[in-house]
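A.B. asks: Structure for this input, please:
(one chain, ligands or ions: 1)
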Amino acid sequence: MSQLSKQIMRLVLLQLKVGEDKSSNIHNAVDKIAQAVHEYKPRMVTLPECFNCPYGTKYFRKYSETIPDGYTSQQLSASAKAHGIYIIGGTIPELGENDRIYNTCTIWDPTGKLIAKYRKMHLFDIDIEGGIRFKESETLTAGTDFTVVDVDGHKIGVGICYDIRFEELARVYRNEGCEMIIYPGAFNMTTGPLHWELLQRSRANDNQLYVVTTSPARDENAEYVAWGHSTVVNPWGQILKKATHSEDLISVDIDFSIVEQVRAQIPTFKQRRLDMYVTTRLK
Ligand SMILES: NC(=O)CC(=O)C(=O)O
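C.D. replies: I've put the predicted structure just below:
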């Protein structure tokens, strides 16, 4: 598969329609991955949060699967191998140890091997008056591990949706040397217009790295209506590409040399006053 240079990586974001038919959701993802490869020859493809299952607590257990031997994992592994690409496998409800359910992202290398998985660390429990109430913790368990993968010498951190609100997680990834953070995510019609873009640009600017989000497409008839607008933000905090709210496929060439450029020109990381930020004050 094409690799433009060590510094440039072609990425395709797949903003997919998701409905109640699990098999169609999975096969749509597999077909769209093939289409993306045919049209753009990417090195990496990213999928949305909950791409095989509607986003809702009542669905998670029913749609859950073990990783890596469940059907969805097998399909992603086969796609990564057939096309010789990395796949950031959005998320699926994972049936884990002790019958617990996690919201989990799987990451596949071009041989079809599962190189990492990430379980959503901050569960989406909110209650906005006149807006939206959602409580992932009714059915999900929070993850406890950070996930960094190395792709062609570039470190990429993984978070999921609500995780983007926590600057500490992004900072951990920056401290680990990440040049990009990928967040599969499904914001909604209340928080999407308010915060989706703001948070992506904030995390990118705070940490001087690329931020990539991949959302399900909007379905006005679903119980949870996703905001859409999968996005790529560069380390300057500028939006490079943004999808609409419908099913969409966007391709972008990531230039990792920009990371170095921004960090050299605005060296905030080195200028931090770690002597002043006493941890108790941050609590
Ligand atoms: N769905 C999420 O996890 C997060 C979200 O919609 C928000 O933070 O807003």
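
A.B. asks: Return the residues of the chain in contact with the ligand.
C.D. replies: 124, 161-162, 165, 186-188, 191 (Cβ under 6 Å from any ligand atom). Using the backbone N, CA and C atoms, a C-beta is placed for each residue, glycine as well.

A.B. asks: tell me the contacts of residue 210?
C.D. replies: 179-181, 204, 232-235, 254, 259 (Cβ atoms under 8 Å, 6 or more residues apart in numbering).

A.B. asks: Could you check how far it is from the ligand?
C.D. replies: The gap separating residue 210 from the ligand is 20 Å, by Cβ to the nearest ligand atom, to the nearest Å.

A.B. asks: rewinding a little: out of the residues of the chain next to the ligand, give me the one that has the most neighbours.
C.D. replies: Neighbours here mean other Cβ atoms under 10 Å. Within the residues of the chain next to the ligand, the largest count is held by residue 186, at 28 neighbours.

A.B. asks: Could you give the average pLDDT over the host helix or strand of residue 31?
C.D. replies: In this structure, residue 31 sits in helix 22-40 according to DSSP states H and E. The average of the pLDDT scores along helix 22-40 is 98.

A.B. asks: what does that helix contact?
C.D. replies: Contacts of helix 22-40 (Cβ under 8 Å, 6+ apart): 1, 10, 12, 14, 16-19, 42, 45, 47, 51-53, 63, 71-72, 75-76, 79, 83, 85, 87, 90, 249, 251.

A.B. asks: following that helix, which helix or strand comes up?
C.D. replies: Next along from helix 22-40, by DSSP H and E: strand 44-46.

A.B. asks: Partner strands of that following strand and their direction?
C.D. replies: Note on strand 44-46: by DSSP bridges, its sheet partners are strand 8-15 (parallel), strand 86-88 (parallel).

A.B. asks: and those as CSV, adding mean neighbour count?
C.D. replies: Shown next, in CSV, are the strands paired with strand 44-46 (neighbours: other Cβ atoms under 10 Å):
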stretch, mean neighbour count
strand 8-15, 24
strand 86-88, 25
